[in-house]
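Q: Generate a structure from the sequence data that follows.
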Amino acid sequence: MKTVLKTFAAALLLGVAAMGVAKADPVKIGVAAEPYPPFTSPDASGKWVGWEIEFIDAVCAEEKLDCVITPVAWDGIIPALTTKKIDLIVSSMSITNERKKTIDFSDKYYNTPTAIIGPKDQKFGATPDDLKGKVIGVQVSTVHAVYAKKHFTGAAEIKEYQTQDEANNDLAAGRLDAVQADSIALGEFLKSDQGKACCDLKGMVAPDDEVLGPGVGAGVRKEDTELKDKINAGIKAIRANGKYDEISKKYFDFDIYGGGGAQSN
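A: The predicted structure follows:
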């Protein structure tokens with residue numbers, strides 16, 4: 001009888017454990033629902049690919065999290081997090097004090113500087129004096145929009161776009177004089193047929209840590225401390241075991257973690 005009871009108890013415990021595993025909800029990873037190469041883009045089949053996708057896949061694998069990529073409009077991505085439509089923002093979002101009033105962030109997972117690009121046939125730089133009288137395109141709800149308004153208002157006209165592609169297209173069409181954004185993303189545009197035909201790099205903007213922040217982190221709800229700890233542990237692990245560098249070398253020939261190449265959103 002004791003043996004039967006022990007067997008039943010063991011089976012019951014296994015059943016409870018199995019139910020716990022079965023009930024584990026996937027972690028919905030929010031990315032901006034627009035191409036942002038080389039970080040996030042849908043391929044021909046609609047699957048999301050890019051450096052940031054491989055990065056978070058590696059973090060989730062390390063921490064044994066069931067992660068699902070969930071595209072969300074960029075200007076609604078923080079509300080999507082706070083209303084629990086997604087669980088984590090992994091979309092080149094800069095860590096800033098303003099955003100930290102609403103959400104929390106993981107540790108930094110990359111940091112790249114901010115660039116200005118413009119027409120090839122125009123010679124200018126990235127200072128307020130250089131941009132005097134020009135129309136500068138930026139993506140709405142980004143650190144670039146905040147930076148441009150802070151540093152270039154009065155010298156230049158700032159025009160906001162829902163997506164970076166729209167700003168780039170207007171620059172190529174001659175409806176803008178310059179665009180400010182992450183230098184890696186702009187570098188990808190300059191490599192495209194459209195970018196090569198129209199534009200080149202004008203320079204990097206002056207640092208402003210208050211606006212641009214110390215780097216990019218994964219956005220997380222303030223109360224989700226356990227998930228934040230897991231993401232931080234995963235970032236630390238893949239940087240220590242070489243997986244981070246393995247992924248990065250497929251996309252970059254410089255240290256993206258330390259900010260040697262190119263700022264984000």
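
Q: Poorly predicted segments of the stretch 1-150 of the chain, please.
A: Applying pLDDT under 70 to the stretch 1-150 of the chain flags the ranges 1-24.

Q: now the helices: where do they sit in the chain?
A: 2-22, 51-62, 77-82, 143-152, 164-172, 183-191, 193-198, 209-212, 225-240, 243-249 (DSSP state H).

Q: Out of the ones you listed, which gets nearest to E98?
A: E98 lies closest, by CB to CB, to one member of the helices of the chain: helix 143-152, at 7.7 Å. For glycine as for every other residue, the C-beta is placed from the backbone atoms N, C-alpha and C.

Q: and the angle for the closest one with helix 164-172?
A: Per axes from the mean of the first three to the mean of the last three CA atoms, to 10 degrees, the angle that helix 143-152 makes with helix 164-172 is 50 degrees.

Q: if I look at the residue nearest the centre of the chain, how far off is I256?
A: The residue lying closest to the centre of the chain (CA atoms, centre = their mean) is S92, at 1.3 Å. To I256, S92 is 11 Å away according to CB to CB, to the nearest Å.

Q: number of nearby residues for V27?
A: V27 is flanked by 20 other residues according to other CB atoms under 10 Å.

Q: Distance check, it against I56.
A: The gap separating V27 from I56 is 9 Å, by CB to CB.

Q: Overlap of the contact sets of those two?
A: Listed as contacting both V27 and I56 by CB atoms under 8 Å, 6 or more residues apart in numbering are C67, L88.

Q: domain assignment for this structure?
A: When the chain is parsed with automatic domain parsing, its domains come out as 25-111+214-249, 114-212.

Q: ends of the longest one, how far apart?
A: This means domain 25-111+214-249. Taking CA to CA, to the nearest Å, the first and last residues of domain 25-111+214-249 lie 32 Å apart.

Q: next one: that domain to chain centre, how far?
A: Between the centre of domain 25-111+214-249 and the centre of its chain there are 7 Å (CA atoms, centre = their mean, to the nearest Å).

Q: same deal with stretch 240-254?
A: Offset of stretch 240-254 from its chain centre (CA atoms, centre = their mean): 17 Å.

Q: State the mean pLDDT of it.
A: Mean pLDDT, computed over stretch 240-254, is 96.
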